[in-house]
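Enquirer: Sequence and predicted structure are below.
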Amino acid sequence: MTPAVIQLAAEAAERQSAEVTEVGARVAWVVGLVVFIAFVYWLMRQGWKWRGALQNDLPELPTTPDGLPAHRLALTGRYHGSTTAGQWLDRIVAHGLGVRSRVELTLTDAGLDVVRPGAGDFFVPAAQLRGARLDKGIAGKVLTEGGLLVVTWAHGDKLIDSGFRSDRAAEHAAWVEAINLMNPSITTEGAER
């Protein structure tokens, strides 16, 4: 063997693999991280419950009456949440209004029927509808300009904005016009007379 090969063999024998990380320390870090994530989740849940407790003065949501008249409009899409009217970041979580879900909306002469698979359904009587408009955002959901159908309605002594997005966004304009025509104090542009 040549001296260079002997030297390479000696260097290879001196090299050792990297020191193995202690398993106990690694497990402690993973457990600590899991506990931290669980704590943050618990804080978020407590905040959601606290917000619901602050909104407990909101009456129960009306249910769909029997024998609804024929529908004017219907759509399927997403329900993105409800807020205090005019304050798009003040989410309402009481009675499940803060839960995002799929939605089937039906507008009749009696009012707006909101069917939410996996969440609580509710009904907005025609007398409670205050108007509709196209907007770009509501409580944690921002879309392109006019990408969200926002329906304003009265419930108890509170005005509520509820945000919907149809699977076919071209339908939104017809909904705004139909809902605004149901309330004689609203023009088709959604401005008060």
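Expert: On my side now, so go ahead. Computed from a predicted structure; not experimentally measured.

Enquirer: I figured residue 183 hits residue 128, correct?
Expert: No - applying C-beta atoms under 8 Å, one finds residue 183 not in contact with residue 128, separated by 9.7 Å. Every C-beta, even on glycine, is put in place using the N, C-alpha and C of the backbone.

Enquirer: As a check, name the ranges of all strands in the protein.
Expert: All strands of the chain, identified by DSSP state E, fall at 71-84, 91-92, 101-108, 111-115, 122-125, 129-135, 137-138, 141-142, 148-155, 158-166.

Enquirer: I'd like those strands as TSV, with mean neighbour count and distance to residue 173 appended.
Expert: Output for those, formatted as TSV (neighbours: other C-beta atoms under 10 Å; distance: least, C-beta to C-beta, whole Å):
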stretch	mean neighbour count	distance to residue 173
strand 71-84	18	11
strand 91-92	20	26
strand 101-108	19	14
strand 111-115	22	17
strand 122-125	20	20
strand 129-135	21	7
strand 137-138	20	18
strand 141-142	14	20
strand 148-155	23	9
strand 158-166	21	11
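
Enquirer: how about these, which one is nearest residue 53?
Expert: Residue 53 lies closest, by C-beta to C-beta, to one member of those: strand 91-92, at 12.7 Å.

Enquirer: what are the pairing partners of that closest one, and which direction each?
Expert: strand 71-84 (antiparallel) (DSSP bridges).

Enquirer: Next, the angle strand 101-108 makes with the partner strand.
Expert: 130 degrees (axes from the mean of the first three to the mean of the last three C-alpha atoms, to 10 degrees).

Enquirer: Show the model's pLDDT score for residue 16.
Expert: pLDDT recorded at residue 16 is 62.

Enquirer: Tell me the predicted confidence for residue 140.
Expert: pLDDT, residue 140: 72.
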